[in-house]
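1. Coordinates only, no sequence provided:
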């Protein structure tokens, strides 16, 4: 869990900026989005395979350049 302590004399905006950065580094938002709805096992498998195809296609185009 991301936690940021506001230091003495620190502006709230800078503490909020540090908090946002920490949340982004820990991939908390990505994890919440992944668990926000249920995917059937077959759907999960299809999306995983689609992402793998996309990664491979991207990798092949980089190799040809």
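-> Received the coordinates, thanks. Bear in mind the structure is a predicted one, so any value in this text is a computation, not a measurement.
2. which residues in this structure form helices?
-> 12-25, 28-35, 41-64 (DSSP state H).
3. ok, and the helix or strand in the chain with the lowest average confidence?
-> The least trusted helix or strand in the chain, going by mean pLDDT, DSSP states H and E, turns out to be helix 28-35, with a mean of 85.
4. chain center to it, what's the gap?
-> Its chain's C-alpha centre and that of helix 28-35 lie 7 Å apart, by C-alpha atoms, centre = their mean, to the nearest Å.
5. what's the answer for stretch 25-36, then?
-> 6 Å.
6. swap in stretch 36-48?
-> 17 Å.
7. Pick the most buried one from the helices of the chain.
-> helix 12-25 (a mean of 12; mean count of other C-beta atoms under 10 Å). Just so you know, the C-beta spots here come from the backbone N, C-alpha and C atoms, and that holds for glycine as well.
8. what's that helix in contact with?
-> Contacts with helix 12-25, where a contact means C-beta atoms under 8 Å, 6 or more residues apart in numbering, come from 2-4, 6-7, 29.
9. Which of the helices of the chain comes out lowest on mean pLDDT?
-> Least confidently modelled of the helices of the chain is helix 28-35, at a mean of 85 by mean pLDDT.
10. If you compare the directions of it and helix 12-25, what angle comes out?
-> Orientation note: helix 28-35 sits at an angle of 50 degrees relative to helix 12-25 (axes from the mean of the first three to the mean of the last three C-alpha atoms, to 10 degrees).
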